[in-house]
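Colleague: The following block contains a protein sequence and its predicted model.
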Amino acid sequence: MVDALKSVFKVEELRRKIIFTLMMILVFRIGVHIPVPGIKLEVIQELIGQGQLLGFFDIISGGAFANFSIFAMSITPYINASIIIQLLTIVVPSLERLAKEGVEGRKKIVEYTRYLTVILGFVQGIGISFGLRTALENTSFPSILLIALTLTAGTAFLMWLGEMITEKGIGNGISLIIFAGIVSSLPGGVMSMVEYFKTGTIGIITLLAFVIVACVVIVAIIAVNEGQRRIPVHYAKRIVGRKVYGGQSTHIPIKVNSAGVIPVIFAMSIMMFPGTIASWFPNNSFARAIGSFFDFTSIPYMVFYAMLIMFFTYFYSAITFNPADVSENIKKNGGFIPGIRPGRPTTEYITKIMNRITLAGAIFLAAIAVLPSILIALTAIPVYFGGTALLIVVGVALDTMKQLEASLLMRHYEGFMK
């Protein structure tokens, strides 16, 4: 590992990319501490302590929301816009044609995603400004509009920053910004655990249990993210002129967690929204009932949350992986799955395997996402760094390492993984 890191900095191109990436992340971290004018920070921090959604949102934004900085909305509008455009690509024929046009088509889709990001960012900025009006020094419409425009500009700048990292740095820029935001909250979380231990809130056994659970969860996330079912495919030999084509064996890799962290994000948005809205009306009995039902540690919440994650896992996997298209491509290229006839039987076989693999991935995602709620219910200690945050951190770290690995191997250096 150490030799591989030395090899990275021996290559001038890689060294330049890594330095550029680190500088862009530094710009992001500086922006986290530039507050939006006209905000009472003590009120914001009090609200974060009361609501699990705001606490998790603050972790995703790297503390920007607690400071209510220009990056308070983080990159979430861009993520939402990307998901919406991706879903519309399946439904809208014109977008589907653009997606199949190659590089130029993808550039057009990226352009639409940018426009939608700005629109969603402005709408979300208006919603945040209005919802947190108790934290505003001036609640007039011009003041709310100024705050919304400032937050939207911050999100647009982060989107540009992420694209620059992707183009001139190492790894996926948007993912690395989220990664940096989450990791920045880790030292604070460790210090909180140490303070809990010093004050006697938790014992040595509870602290060791937290460490063991964290290690097991990280290992499990790596295993599931890298896990895949390989369906063998054989191609018959074809003679074209004097050349022989085909006659080789390959496989179709189906990942256990093909949907990634997206189902958790969808489910979390739905589950946290009613409780957050209810918290704005503390004197209303109906709002209090809604808040208690959607409490972070209640059993109905955990069960419904897990079911939503499993539903969205199947839904997202179904729209991103089409067994009929895979079967048709195999048939066109003269391939077949051993023991399975081409055409409809192949489609049914791939669908059956896909459903089984997706079930395992869905159960895993649900278990990881619900784990913080279980820990909070058992220990009464707030645990925000878990579930989705760990999935994102481990996934981004693995993807970035693979990119460095590929770059090193292209230059005949020994990689990270042997």
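Modeller: Nice, thanks for sending it over.
Colleague: Kindly tell me how buried Leu151 is, as a neighbour count.
Modeller: 25 (other CB atoms under 10 Å). (Each C-beta comes from the backbone N, C-alpha and C, glycine too.)
Colleague: go on, the one 4 residues further on?
Modeller: Applying the criterion other CB under 10 Å, we find 25 residues in the vicinity of Thr155.
Colleague: Am I right that it is in contact with Thr117?
Modeller: Yes: Thr155 is in contact with Thr117 according to CB atoms under 8 Å; the separation is 6.9 Å.
Colleague: Overlap of the contact sets of those two?
Modeller: Taking CB atoms under 8 Å, 6 or more residues apart in numbering as the criterion, Thr155 and Thr117 both touch Pro77, Tyr78.
Colleague: Can you show me the strands along the stretch 1-150 of the chain?
Modeller: Under the criterion DSSP state E, counting those that start in this stretch, the stretch 1-150 of the chain carries no strands.
Colleague: which stretches of it aren't confidently modelled?
Modeller: Low-confidence segments of the stretch 1-150 of the chain (pLDDT under 70): 1-8, 47-62.
Colleague: Apply 90 and report the result again.
Modeller: Judged by pLDDT under 90, the stretch 1-150 of the chain has its weakly predicted residues at 1-19, 21, 28-113, 120-148.
Colleague: can you pull out the helices in it?
Modeller: Using DSSP state H, counting those that start in this stretch, the helices found in the stretch 1-150 of the chain span residues 2-10, 12-31, 41-50, 52-60, 64-67, 76-91, 93-99, 103-131, 141-168.
Colleague: Turn those helices into CSV, including distance to Leu176.
Modeller: Putting the helices of the stretch 1-150 of the chain into CSV (distance: least, CB to CB, whole Å) gives the following:
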stretch, distance to Leu176
helix 2-10, 16
helix 12-31, 7
helix 41-50, 24
helix 52-60, 13
helix 64-67, 15
helix 76-91, 13
helix 93-99, 25
helix 103-131, 17
helix 141-168, 6
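Colleague: Can you list phi and psi of the closest residue to Ala397 other than its chain neighbours for me?
Modeller: With CB to CB, 6 or more residues apart in numbering as the criterion, Ala397 has its nearest non-adjacent residue at 7.3 Å, and that residue is Phe179. Torsion angles at Phe179 (phi, psi; degrees, to the nearest 10) stand at phi -60, psi -50.
Colleague: Which pLDDT value goes with Phe179?
Modeller: pLDDT, Phe179: 83.
Colleague: I'd say it and Val396 touch.
Modeller: Yes: counting by CB under 8 Å, Phe179 does reach Val396; the two are 4.2 Å apart.
Colleague: overlap in contacts of those two?
Modeller: Listed contacts common to Phe179 and Val396 are nil; contacts here mean CB under 8 Å, 6+ apart.
Colleague: Now do the strands in the stretch 151-300 of the chain.
Modeller: Using DSSP E, counting those that start in this stretch, the strands of the stretch 151-300 of the chain run over residues 228-235, 238-240, 243-245, 249-255.
Colleague: quick one: which of these is nearest Val213?
Modeller: strand 249-255 (24.7 Å; CB to CB).
Colleague: helices or strands up against that closest one?
Modeller: strand 228-235, helix 344-379 (3 or more CB pairs under 8 Å, 6 or more residues apart in numbering; DSSP states H and E).
Colleague: that older thread, out of the helices of the stretch 1-150 of the chain, flag the one nearest Gly260.
Modeller: The nearest among the helices of the stretch 1-150 of the chain, by CB to CB, is helix 76-91 at 11.0 Å.
Colleague: other SSEs contacting that closest one?
Modeller: If you count contacts as 3+ CB pairs under 8 Å, 6+ apart, helix 76-91 packs onto helix 93-99, helix 103-131, helix 141-168, helix 262-279.
Colleague: what comes up buried for the shortest one?
Modeller: Within helix 93-99, the residues scored as buried using 16 or more other CB atoms under 10 Å are Leu95, Leu98, Ala99.
Colleague: buried stuff in stretch 301-317?
Modeller: Neighbour-count burial for stretch 301-317 flags 301-302, 304-306, 308-310, 312-314, 316-317 (criterion: 16+ other CB under 10 Å).
Colleague: where in the stretch 301-418 of the chain is pLDDT low?
Modeller: Using pLDDT under 90, the flagged stretches of the stretch 301-418 of the chain are 301-356, 358, 360-362, 364-418.
Colleague: change it to 50
Modeller: Along the stretch 301-418 of the chain, no part satisfies pLDDT under 50.
Colleague: ok, now how distant is Ala367 from Lys255?
Modeller: Using CB to CB, to the nearest Å, we find Ala367 at a distance of 17 Å from Lys255.
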